[in-house]
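Trainee: how would this look folded up:
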Amino acid sequence: MHPFDPRQPLTFSEPDPDRATKERALHAMSNDELLALYNLTRAAASEAHKTHDMEKIYPLVRGMKTLQRITGERGFTIRARRLTAKPVL
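Mentor: Numbering: from 1, shown residues only. Take a look at the predicted model:
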């Protein structure tokens with residue numbers, strides 16, 4: 001059981017009293033699950049950016065950076081990129 005809903009964008013408040021628990025759960029997730037969570041979080045951050053909702057975007061960006069750090073520790077990189085409607089083949 002995750003301390004967060006993996007079907008919702010990942011956010012970290014500042015400070016986040018649940019950060020350690022959330023990070024342990026993230027470390028237990030597969031690479032595919034982390035990538036899906038990153039894409040979900042990235043899409044939410046993009047929407048917040050379009051509406052200039054800075055209160056919403058900062059926790060989302062912290063979530064994206066955490067996901068990038070964890071995947072980097074595993075030896076693969078999630079690159080920041082523009083989201084597209086269709087996957088690029």
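Trainee: Determine the number of other residues adjacent to His49.
Mentor: When neighbours are counted by other Cβ atoms under 10 Å, His49 registers 14. The C-beta positions use only the backbone N, C-alpha and C, and glycine is treated the same way.
Trainee: Could you report the separation of it from Thr77?
Mentor: From His49 across to Thr77, the span is 22 Å (Cβ to Cβ, to the nearest Å).
Trainee: and if you look at Met64?
Mentor: In terms of Cβ to Cβ, Met64 sits 13 Å off from Thr77.
Trainee: Specify which residue of the two has the higher count of neighbours.
Mentor: Each of Met64 and Thr77 has its neighbours counted (other Cβ under 10 Å); Met64 has more, 22 against 9.
Trainee: Apart from its chain neighbours, what residue comes closest to the more buried one?
Mentor: Excluding the flanking residues, the one nearest Met64 by Cβ to Cβ, 6 or more residues apart in numbering is Thr41, at 5.3 Å.
Trainee: Now the one you found: which helix or strand?
Mentor: Element membership for Thr41 (DSSP states H and E) is helix 31-50.
Trainee: quick one: average confidence on the helix or strand just after that helix?
Mentor: Using DSSP H and E, the helix or strand that follows helix 31-50 towards the C-terminus is helix 54-73. Helix 54-73 comes out with an average pLDDT of 94.
Trainee: Alpha carbons of helix 54-73, in PDB - could you do that?
Mentor: Extracted in PDB, the C-alpha atoms of helix 54-73 (Å, rounded to 0.1, in the frame of the first residue of the first chain):
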ATOM      1  CA  MET A  54       2.300  28.600  -8.900                       C
ATOM      2  CA  GLU A  55       0.900  27.200  -5.600                       C
ATOM      3  CA  LYS A  56       0.000  24.000  -7.400                       C
ATOM      4  CA  ILE A  57       3.100  23.800  -9.700                       C
ATOM      5  CA  TYR A  58       5.800  23.900  -7.000                       C
ATOM      6  CA  PRO A  59       4.800  20.700  -5.200                       C
ATOM      7  CA  LEU A  60       4.400  19.000  -8.600                       C
ATOM      8  CA  VAL A  61       7.900  20.000  -9.600                       C
ATOM      9  CA  ARG A  62       9.300  18.700  -6.400                       C
ATOM     10  CA  GLY A  63       7.600  15.400  -7.200                       C
ATOM     11  CA  MET A  64       9.100  15.300 -10.700                       C
ATOM     12  CA  LYS A  65      12.600  16.100  -9.400                       C
ATOM     13  CA  THR A  66      12.300  13.300  -6.800                       C
ATOM     14  CA  LEU A  67      11.200  10.800  -9.500                       C
ATOM     15  CA  GLN A  68      14.100  11.900 -11.700                       C
ATOM     16  CA  ARG A  69      16.600  11.500  -8.800                       C
ATOM     17  CA  ILE A  70      15.300   8.000  -7.900                       C
ATOM     18  CA  THR A  71      15.400   6.800 -11.500                       C
ATOM     19  CA  GLY A  72      18.900   8.300 -11.900                       C
ATOM     20  CA  GLU A  73      20.000   6.300  -8.900                       C
END
